[in-house]
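[1] based on what follows, work out the 3D shape:
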Amino acid sequence: MKSFLRLATLAIGLGAIAATVPSSLAGVRTQSRPIVLSQNVNFKPPDVTAPGSRQGGTHRGSKLCPAGLSITPLVPPTNIGLTLTQSPTIFAYVPQTSAAIEFTVLTDNEEKVVYEKTLKLDKSGIIGVNVPASSDKSKSLEVGKRYVWSFSMVCDPDDRSADLVVKGFVQRIEPLATLKSDLVNPDPMTRLDVYAKNGIWYETLATLAQMRRQTPGDAKLNAKWTQLLQSQGLESVAAKPLVGPL
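    I've put the predicted structure just below:
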C-alpha cells in the first residue's frame, strides 16, 4: 500500500511538472524573431538581343584622357535592357577625368538624335542620366522600339574620332495587366522585386540606386546592389560610389 501511495504521489508530481512545460515553451515560441531579408535581387534577363556585346571602353592616352581610363556601361551581358517608361535612367561607371562626358540617345539605326546631354564630373563613380519625357514623338522612346545610347569621353575636342565611347541599348515595352497590377504597390522594395523578376533592367537599377541614395548606410541595400551587379558580370564596378544626380 505504501509503495502504491508513493507511486501515486510521484505520478501526480510529474503531471504537475508536465503541465507547466507546454506553457513555458509556448512563451518561447511566440517571441518575435529577427526577420532575415534575402540579399539577392533575382533579376531575370529577358529574351532580347542587341548587336555587339557589352564592353568597357578604354583609351590609348591623351592630355585629357590618360592611358588606362575606361568607362563601364551598366547593362546586362546582352548589351540591352528593357524599360516601361519613356524616361528611363541609364547608368555607367566613369573614371576621374577632366574631359567632358557626352551622353546621347539615338534611334536604332543611329540616324536621329533623341536626346543628348554634356556632363562634367568632379570625381569618379557611377552616374545615372535620366532621359526626359517629351511630348515630341521624335524626342521620346516609343513602345516596341529599340534605341542605342552612348557615353563618350571627349578626349580631344578638335578630333572627335579620339573619343572614348561605350554603347548600349534600351527597348521600351508595354507592361501586361498583371505587371501593372503588381506595380501598384507603393513599397519600393516590393516594386524592386517585381521589376527584377520581370526582367525590367533600367527600373530595377534605378529603383535600387534611389533607395541607396536615400539610406546610404543601409547594409542590406548595399548588399543587394553588389549582388545585382555581380549577377550581370559587373563585379569590377559593384563597389564604386554613386555620384551626381540620378
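
[2] can you give me the helices for this structure?
    Taking DSSP state H, the helices of the chain run over residues 2-29, 177-182, 188-197, 201-214, 219-231.

[3] comparing those by mean pLDDT, which bottoms out?
    Ranked on mean pLDDT, the bottom entry among the helices of the chain is helix 2-29, at a mean of 38.

[4] what residues does stretch 84-93 touch?
    Stretch 84-93 has contacts (CB atoms under 8 Å, 6 or more residues apart in numbering) with 56, 71-74, 103, 105, 124-134, 140-142, 149, 151, 166, 168, 170, 172-175, 179, 200, 202-203, 205-206, 209, 237, 240, 246. Where C-beta positions appear, they are placed from N, C-alpha and C, glycine not excepted.

[5] buried ones only from the residues you listed, please, as a PyMOL command.
    To isolate the buried members of those in PyMOL, using 16 or more other CB atoms under 10 Å:
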select buried, resi 71+72+73+74+103+105+125+126+127+128+129+131+140+141+149+151+166+168+170+172+173+175+179+200+202+203+205+206+209+237+240
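
[6] among the contacts of stretch 84-93, which are located in strands?
    Counted as lying in strands by DSSP state E, out of these, are 71-73, 103, 105, 125-130, 149, 151, 166, 168, 170, 172.

[7] pLDDT wise, what is residue 49 at?
    So, for residue 49, pLDDT stands at 78.

[8] got a list of what the spatially most central residue of the chain touches?
    The centroid of the chain falls nearest to residue 205 when counting by CA atoms, centre = their mean (2.4 Å). Under the criterion of CB under 8 Å, 6+ apart, the neighbours of residue 205 are 74, 89, 91, 128, 228.

[9] same list (those) but as a markdown table, adding distance to residue 115.
    Supplementary listing: those in a markdown table, determined by distance: CB to CB, whole Å:
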| residue | distance to residue 115 |
| --- | --- |
| 74 | 18 |
| 89 | 12 |
| 91 | 15 |
| 128 | 14 |
| 228 | 25 |
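
[10] tell me how far the nearest residue to residue 221 once chain neighbours are set aside lies from residue 85.
    Nearest non-adjacent residue to residue 221, counting by CB to CB, 6 or more residues apart in numbering: residue 212, 5.0 Å away. Distance of residue 212 to residue 85, given as CB to CB, to the nearest Å: 20 Å.

[11] could you do residue 180 as well?
    Distance, residue 180 to residue 85, by CB to CB: 13 Å.

[12] quick one: which of the two has more around it?
    residue 85 (16 against 11; other CB atoms under 10 Å).

[13] neighbours around the residue nearest to residue 221, how many?
    Residue 212: 17 neighbours (other CB under 10 Å).

[14] for it, give me its contacts.
    218, 221-222, 225, 242.

[15] of those, buried ones?
    221-222, 225, 242.

[16] report how many residues lie close to residue 208.
    22.

[17] isn't it right up against residue 227?
    No: using CB atoms under 8 Å, residue 208 makes no contact with residue 227, being 10.2 Å away.

[18] give me the common contacts of these two.
    Residues within reach of residue 208 and of residue 227 at once, by CB under 8 Å, 6+ apart, are residue 41.

[19] for residue 45, which non-adjacent residue is spatially closest?
    Distances taken as CB to CB, 6+ apart put residue 76 closest to residue 45, at 5.2 Å, once the chain neighbours are dropped.

[20] can you check residue 171 too?
    residue 146 is the one closest to residue 171 (CB to CB, 6+ apart), at 4.5 Å.

[21] what's the first-to-last distance across stretch 75-86?
    17 Å (CA to CA, to the nearest Å).

[22] now that stretch: buried residues?
    Buried residues in stretch 75-86, counted by 16+ other CB under 10 Å: 75-76, 78-86.

[23] state the mean pLDDT of that stretch.
    Mean predicted confidence for stretch 75-86 is 95.

[24] same question, stretch 101-120
    Mean pLDDT, computed over stretch 101-120, is 95.
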